[in-house]
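*Asks:* everything below, folded, please.
(one chain, ligands or ions: 1)
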Amino acid sequence: MTGLFVTFEGGDGVGKSTQAALLEDWLRAQGRDVVRTREPGGTDVGQRVREIVLHHRGHIDARAEALLYAADRAHHVATVVRPAIARGDVVIQDRYLDSSVAYQGAGRVLDPQQVRDLSLWAVDGLLPDVTVLLDLDETSARRRLDADDKPFDRLEAEQAEFHARVRTAFLTLADAEPARFLVVDASLPVDEIAALVRARVADRLG
Ligand code: TYD
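*Replies:* Residues are numbered from 1 along each chain as shown. So this is what the prediction gives:
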């Protein structure tokens, strides 16, 4: 069997992990081996990076932040993602380089193309076969986050305007690569979204 690399992207609180779990269940029921993982924090090294980027108190320079995410990604792709794809597994991943472009590029002050190039260098050019963008307007996204009683991490605590820029950045990325992206309205019922995702993945699996 040939491996497949599927990523889920979108703002905070759009339901990426729910959809990743449903896709995993369905693929396992089809007899596929699945590796479910995430960035930042998909490795032991990545866990330490995750602690810094999400929970460090105080300012982190924008370029330093971009490099930290890229470092996490480099190690994760080299030690987890590429070996899994090579074995013929399906990798289902919460967030990948599009998150860096959207958050560090559009959300911050960095040039999105440079951020993308940095990540592409970090992973030696590996792009997903399918990227599901769960798109949700900021007000609904904020409502979902507020309903959750976990404390906000550094990025979740950013202002509404920041999240609006992130959303626009994701949609721009999806427009630029329609063959890779599946854009789904995240306010649809969970089962409907799952069916759309399954259809795209089944199509790519052949
Ligand atoms: P996470 O707890 O994984 O949240 P979520 O459930 O929203 O995916 O937190 C990841 C946070 O890190 C999220 O706010 C987006 C941010 N992030 C970046 O800014 N750049 C990146 O490259 C990645 C992978 C994540």
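
*Asks:* what comes up buried for stretch 112-124?
*Replies:* Pro112, Val115, Arg116, Leu118, Ser119, Ala122, Val123 (16 or more other CB atoms under 10 Å). Backbone N, C-alpha and C define where each C-beta goes, glycine included.

*Asks:* what mean pLDDT does that stretch get?
*Replies:* For stretch 112-124, the mean per-residue pLDDT is 97.

*Asks:* quick revisit: can you flag which of the buried residues of stretch 112-124 belong to helices?
*Replies:* Among those, DSSP state H puts Pro112, Val115, Arg116, Leu118, Ser119, Ala122 in helices.

*Asks:* which one of the residues you listed is nearest to the ligand?
*Replies:* Ser119 (7.5 Å; CB to the nearest ligand atom).

*Asks:* who's in contact with that closest one?
*Replies:* Ser119 is in contact with Tyr69, Ala70, Arg73, Leu97, Ser100, Val101, counting by CB atoms under 8 Å, 6 or more residues apart in numbering.

*Asks:* now do the SS call for the first one.
*Replies:* Going back to what we said before, that points to Tyr69. Using DSSP: H, G, I helix; E, B strand; the rest coil, the three-state assignment for Tyr69 comes out as helix.

*Asks:* tell me the contacts of the spatially closest residue to it that is not a sequence neighbour?
*Replies:* Of all residues not flanking Tyr69 in the chain, Ser100 sits nearest, at 5.1 Å (CB to CB, 6 or more residues apart in numbering). Ser100 sits next to Ala66, Tyr69, Ala70, Arg73, Val115, Arg116, Leu118, Ser119 when contact means CB under 8 Å, 6+ apart.

*Asks:* give me the distance between the spatially closest residue to Arg73 that is not a sequence neighbour and Arg28.
*Replies:* Leaving out its chain neighbours, the residue that sits closest to Arg73 by CB to CB, 6+ apart is Ala122, at 5.1 Å. Distance of Ala122 to Arg28, given as CB to CB, to the nearest Å: 30 Å.

*Asks:* next: Arg95.
*Replies:* From Arg95 to Arg28 the distance is 22 Å (CB to CB).

*Asks:* any part of the lowest-mean-pLDDT helix or strand in the chain near the ligand?
*Replies:* Within the chain, no helix or strand scores below helix 138-147, which has a mean of 78 by mean pLDDT, DSSP states H and E. No - using CB under 6 Å from any ligand atom, helix 138-147 never reaches the ligand; the gap is at least 8.5 Å.

*Asks:* mind listing what's buried in that helix?
*Replies:* Buried residues in helix 138-147 (16+ other CB under 10 Å): Glu138, Ala141, Arg142, Arg144, Leu145.

*Asks:* tell me the one of those residues nearest the ligand?
*Replies:* Nearest member of the buried residues of helix 138-147 to the ligand, counting by CB to the nearest ligand atom, is Leu145, at 8.5 Å.
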